[in-house]
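[1] Sequence first, predicted model second:
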Amino acid sequence: MRWITHVAIASFFIKLLEIALLIDLTSRYEFWVVLSLYAVMADFDSLLGMKHRTYTHTLYAALLTSLPLIFDLRLFIIALSAYLSHLFADMLTASGVMLLYPFRETTYHFLPAAWRIKTGSNAELMLLTAVVILTTSFSLAASTTELDKIFYYRSSNDIWVDISFYENGVLKSFNQKKIVWDDGNSKIGIVVNGKLKIIGKEQIKSVRITEMHEVVRKEVEKRIVLKRLKVMDEIVTAYNNGYGWIDFLGTGKDLFYELYDGTNGKDKIRIRVIECLTRR
């Protein structure tokens, strides 16, 4: 098959993995470079002076060429999946693939003889079109999938997203915003201008995870001068101004505007905030 068909099929494979495993595999530029390279790598045999569809079109070639990327599990998964997708695609053709060459020279096919695809034919063009449509369709549903990832991973990860959502009928968009809160089901929170903005699932037009880092979260009690809250964007879960603990959800700035009356800025207050320690 042609290189563009192999890249399209590899992209489809990776999209299915993202949905099935709730993992982010294509958020960074280098991920796409690896995907494209490994999707066509098996056809480098002609450049290496090898007979076509022999050593490079085997299961062990897929594993051996992917192993150098094992230091980054996501890169390894992308490389191995893209390489295997190439073998799968070639198994749809009339020539097939000898997956265990040279130990076993059996040719493997995925389709009956009458349905096998000829490289460059109209059948390949139809396959390419179908794969692109399916991949695009899954990508259009990415908002729900990405939200599922956020709710699944946020308990142990700090997550940054590119997000667009409607607020009072107006579409708002932000890039590289950290998710600072979620209810585990239908709402997420980001900080905008120092204040917590809670966004419901129904408001979101699109959301894409751009970065994730493992963290350990813990609740810490602090004593702070009230006016200092105005520049604090940590998430406050409760406060005590001398009359017992009161539950609260918002940033320090949110709490400042909740409590400040114009004269009490120098008063001290106890608060509980969520702190995150990056896992090593």
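    All right, it came through fine.
[2] drop to CA atoms for contacts and neighbour counts, all remaining ones
    Fine.
[3] which residues are contacting the host helix or strand of K197?
    Element membership for K197, per DSSP states H and E: strand 195-200. Strand 195-200 has contacts (CA atoms under 8 Å, 6 or more residues apart in numbering) with 165, 186-191, 233, 250-254.
[4] Kindly reformat the residues you listed as JSON lines and extend each row with secondary structure, neighbour count and distance to R28.
    Formatted as JSON lines, the contacts of strand 195-200 follow (DSSP: H, G, I helix; E, B strand; the rest coil; neighbours: other CA atoms under 10 Å; distance: CA to CA, whole Å):
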{"residue": "F165", "secondary structure": "strand", "neighbour count": "19", "distance to R28": "23"}
{"residue": "S186", "secondary structure": "coil", "neighbour count": "13", "distance to R28": "26"}
{"residue": "K187", "secondary structure": "strand", "neighbour count": "17", "distance to R28": "26"}
{"residue": "I188", "secondary structure": "strand", "neighbour count": "19", "distance to R28": "23"}
{"residue": "G189", "secondary structure": "strand", "neighbour count": "19", "distance to R28": "23"}
{"residue": "I190", "secondary structure": "strand", "neighbour count": "21", "distance to R28": "22"}
{"residue": "V191", "secondary structure": "strand", "neighbour count": "19", "distance to R28": "23"}
{"residue": "D233", "secondary structure": "coil", "neighbour count": "19", "distance to R28": "27"}
{"residue": "G250", "secondary structure": "strand", "neighbour count": "25", "distance to R28": "31"}
{"residue": "T251", "secondary structure": "strand", "neighbour count": "24", "distance to R28": "30"}
{"residue": "G252", "secondary structure": "helix", "neighbour count": "26", "distance to R28": "33"}
{"residue": "K253", "secondary structure": "helix", "neighbour count": "23", "distance to R28": "33"}
{"residue": "D254", "secondary structure": "helix", "neighbour count": "21", "distance to R28": "34"}
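[5] from those residues, which is closest to L111?
    Nearest to L111 out of those is S186 (CA to CA; 43.0 Å).
[6] Torsion angles phi and psi at that closest one?
    phi -140, psi 0 (degrees, to the nearest 10).
[7] Any figure for the gap between it and Y152?
    12 Å (CA to CA, to the nearest Å).
[8] what about the helices in the stretch 51-200 of the chain?
    Using DSSP state H, counting those that start in this stretch, the helices assigned to the stretch 51-200 of the chain run over residues 59-66, 73-90, 122-140, 142-153.
[9] Domain ranges for the chain, per the record?
    3-136, 145-215, 217-278 (automatic domain parsing).
[10] which of the helices of the stretch 51-200 of the chain sits most buried?
    A comparison of these by mean neighbour count, using mean count of other CA atoms under 10 Å, puts helix 73-90 on top with a mean of 23.
[11] helices or strands up against the lowest-mean-pLDDT helix or strand in the chain?
    The helix or strand of the chain with the poorest confidence is helix 142-153; it has a mean of 81 (mean pLDDT, DSSP states H and E). Using 3 or more CA pairs under 8 Å, 6 or more residues apart in numbering; DSSP states H and E as the contact test, the elements touching helix 142-153 are strand 204-225.
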